[in-house]
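>>> My questions are about this predicted structure, shown below with the sequence.
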Amino acid sequence: MSEEDQDSKTEQPTEKRLSEAIEKGNVPFARDVVLLGSMSAILAAGLLVASWSVNKVLPALKTALDISGDLLLDDRQAAATLLAAIVVAMASATLPVFGLIGAGTVIASLLQNAPSAAAERIMPKASRISPGAGWKRLFGKAGWIEFGKSCLKLIIVIAITAMLLWSELGTLPDSLFVEPSLLPSLLLTKIVHVIFALTLAAFALAIADLTWSRWKWRRDLRMTRHEVTEEMKQAEGDPLIKARIRSIGRQRASRRMLEKMTGATMVVANPTHFAVALRYEHGEGGAPLVVAKGVDHMAQKIREKAAEFDVPVVENKPLARALYDKVEIDQQIPPEFYRAVAEIIHYLDSRRRLPNRRN
């Protein structure tokens with residue numbers, strides 16, 4: 001990805017973008033955390049099993065040295081037996097050490113990210129074998145950053161080792177006069193001191209690398225405004241389409257409502273804003289039923305339909321507003337409106353303006 005393309009991605013990645021990247025195996029990975037796991041395992045091996053390993057190997061080496069003078073060069077069977085004993089002793093002594101190192105490396109990797117099977121990561125791609133793509137990876141910005149990190153780690157290791165050896169320089173001549181059997185223990189102590197200092201340095205490097213890798217991972221997954229908008233459309237639906245669907249739904253509901261005006265008995269309205277159509281027939285029983293209601297443009301439509309079907313319109317501003325707010329379509333009016341509506345029915349009936357319909 002070119003720097004220009006990266007600069008156009010100004011929006012933080014969404015949760016969907018992050019989850020898709022993880023499913024594809026694109027996860028943040030800090031190599032220095034694995035280095036810390038290895039160094040910690042080596043330190044644990046030096047403290048816990050190194051003495052045991054040395055004591056395991058020493059008898060085999062001592063035996064080999066003791067019988068070396070009596071060993072005939074042409075006795076292949078004896079040489080093979082001696083060599084096999086040394087190899088078995090070395091293997092059994094070093095196996096726990098390598099086991100700890102391997103376990104430390106695996107645990108450090110697992111602690112960063114949960115294991116997952118991502119087939120896309122192992123699928124062959126031309127970019128992975130392309131010399132041009134490889135050249136960019138090596139000598140691009142990311143490659144120079146990795147080169148700088150490697151140089152920094154090498155300088156730190158050399159500096160720590162040099163300082164420790166310099167501090168122990170005065171004690172080295174005394175080691176020449178130490179009992180030979182104590183030399184392995186003394187050498188192990190010096191090595192553990194160096195490994196401990198390097199592990200502390202690896203810890204600091206791991207924290208820095210972990211922070212950097214996760215920041216870079218999120219930065220590489222940043223999105224453009226257009227990508228964020230398209231993702232929101234996919235997740236929630238296109239707002240234009242949803243608005244169109246709602247508009248069509250309202251139009252169909254309005255047509256069905258206006259069709260019910262053929263059975264209306266009266267319309268309660270204020271001059272322009274609200275209109276509520278009621279149906280009431282003596283033979284049907286029950287309270288008056290709201291068959292249509294509307295505000296502004298729809299109220300005008302109701303009044304026009306009322307004129308078309310010869311339905312009387314009674315202007316009563318407070319009642320029209322209250323019926324519109326509190327009663328839904330196809331519901332009977334509540335008892336609090338009985339008196340006001342009954343007066344309108346009586347008024348229309350006295351003037352013989354109630355339509356006689358059985359629709």
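Looks like it arrived, so ask away. Residues are numbered from 1 along each chain as shown.

>>> Poorly predicted segments of the stretch 101-250 of the chain, please.
Residue ranges of the stretch 101-250 of the chain with pLDDT under 70: 114-140, 142, 169-185, 234-242, 245, 249.

>>> Do a quick rundown of the helices in it.
For the stretch 101-250 of the chain, the helices defined by DSSP state H, counting those that start in this stretch cover 119-122, 126-129, 131-139, 141-167, 172-175, 183-220, 225-236, 239-259.

>>> What count of nearby residues applies to residue 289?
Neighbours of residue 289 under the rule other C-beta atoms under 10 Å: 21. To be clear about C-beta, it is placed using only N, CA and C from the backbone, and glycine gets the same treatment.

>>> Give the buried residues for stretch 334-353.
337, 341, 344, 345, 348 (16 or more other C-beta atoms under 10 Å).

>>> thinking again about what came up before, turn the helices of the stretch 101-250 of the chain into CSV, columns for distance to residue 268 and mean neighbour count.
Converted to CSV, the helices of the stretch 101-250 of the chain look like this (distance: least, C-beta to C-beta, whole Å; neighbours: other C-beta atoms under 10 Å):
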stretch, distance to residue 268, mean neighbour count
helix 119-122, 67, 10
helix 126-129, 74, 9
helix 131-139, 77, 12
helix 141-167, 74, 12
helix 172-175, 109, 10
helix 183-220, 61, 16
helix 225-236, 40, 13
helix 239-259, 15, 12
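
>>> mind putting those in JSON lines, distance to residue 326 included?
Listed next are these as JSON lines, based on distance: least, C-beta to C-beta, whole Å:
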{"stretch": "helix 119-122", "distance to residue 326": "59"}
{"stretch": "helix 126-129", "distance to residue 326": "67"}
{"stretch": "helix 131-139", "distance to residue 326": "70"}
{"stretch": "helix 141-167", "distance to residue 326": "67"}
{"stretch": "helix 172-175", "distance to residue 326": "98"}
{"stretch": "helix 183-220", "distance to residue 326": "53"}
{"stretch": "helix 225-236", "distance to residue 326": "33"}
{"stretch": "helix 239-259", "distance to residue 326": "17"}
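
>>> out of the ones you listed, nearest to residue 47?
Across the helices of the stretch 101-250 of the chain, the minimum distance to residue 47, taken as C-beta to C-beta, is reached by helix 183-220, at 6.4 Å.

>>> tilt between that closest one and helix 141-167?
If you take axes from the mean of the first three to the mean of the last three C-alpha atoms, to 10 degrees, helix 183-220 sits at 160 degrees to helix 141-167.

>>> from the chain's centre, how far out does helix 183-220 sit?
Helix 183-220 has its C-alpha centroid displaced from the chain centroid by 29 Å (C-alpha atoms, centre = their mean, to the nearest Å).

>>> Can you tell me the closest non-neighbouring residue to residue 194?
residue 164 (5.3 Å; C-beta to C-beta, 6 or more residues apart in numbering).

>>> same check, this time on residue 209
The nearest residue in space to residue 209 (C-beta to C-beta, 6+ apart) is residue 32, at 3.7 Å.

>>> Which strand or helix spans that neighbour?
Assigned by DSSP states H and E, residue 32 falls within helix 31-48.

>>> Give me the helices and strands touching that helix, please.
Applying 3 or more C-beta pairs under 8 Å, 6 or more residues apart in numbering; DSSP states H and E, one finds that helix 31-48 contacts helix 76-112, helix 141-167, helix 183-220.

>>> Nearest to residue 52, out of those helices?
The closest of those to residue 52 is helix 76-112. By C-beta to C-beta, the value is 7.7 Å.
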